[in-house]
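Undergrad: got a predicted model here, sequence first, then my questions.
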Amino acid sequence: TAPPADWDETVHRIRTFYAARSTSCTLAPSRGPRTRGSGTTRGLETACAVTLALVDLITADGFCERVEAAGARLQGGLEEVCAAHPEQLEGVRRLGLMCGLVWRRPEIGLLASKALFDNGAFAVYANNDKRVTQVLPPLVATDAEIDLAVQAVDAAARALAGPDYAALAAGLAPAAPGTY
């Protein structure tokens, strides 16, 4: 997707703001340790520099295309895992590099977070749909890191089918109506 028509102007305004904040924080006469500058970036020249570097990164040629390619790679890998574990996984949702892994049972979403952690990946379940585990790699993830995430999901799906997680899943399963 192409950036908005006013993107260059927006980037210029962000850079100007942070450059001005950084300069005013650095050059303003000190009025004591608690009054140096004001606002969100008071005295945080490092945060200003990091923000400017981030703006440079996300506005670099090819960045959006790279994120889209990484998202497609992640989605493809996760769809292969879904095909390998149809009894566990229902499908994949994706927006950019954000993926949602849809499990067949709602109690598995929370357990999947643990199983993924046990297999070297960090993911959380979606509060609005507990069947979904969010897979959110950083925008700068390499193909090798994407592949490692897919491998972790595959290992987690295998583990969730095993006896160690079955007892946990039974304890988290929704109670029958009228029971506690």
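TA: That came through fine.

Undergrad: mind listing residues that contact stretch 158-166?
TA: Contacts to stretch 158-166, defined as C-beta atoms under 8 Å, 6 or more residues apart in numbering, come from residues 85, 87, 88, 108, 111, 112, 115, 118, 119, 169. Every residue, glycine included, has its C-beta placed from N, CA and C.

Undergrad: what is the nearest of those residues to residue 141?
TA: Of all the contacts of stretch 158-166, residue 141 sits closest to residue 119, with 16.9 Å by C-beta to C-beta.

Undergrad: what comes up buried for the helix or strand containing residue 65?
TA: In this structure, residue 65 sits in helix 63-84 according to DSSP states H and E. For helix 63-84, burial by neighbour count (16 or more other C-beta atoms under 10 Å) applies to 64, 66-67, 70-71, 73-75, 77-79, 81-82.

Undergrad: quick one: the strands in this structure?
TA: 89-95, 98-103, 124-126, 129-135 (DSSP state E).

Undergrad: re the thing from before, can you tell me which of the buried residues of helix 63-84 is nearest residue 139?
TA: The closest of these, once distances to residue 139 are taken by C-beta to C-beta, is residue 67, at 5.4 Å.

Undergrad: one step back: now distance to residue 125 too, for the buried residues of helix 63-84, in TSV please.
TA: As requested, those are exported to TSV (distance: C-beta to C-beta, whole Å):
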residue	distance to residue 125
64	28
66	28
67	24
70	22
71	20
73	23
74	18
75	19
77	20
78	15
79	19
81	17
82	17
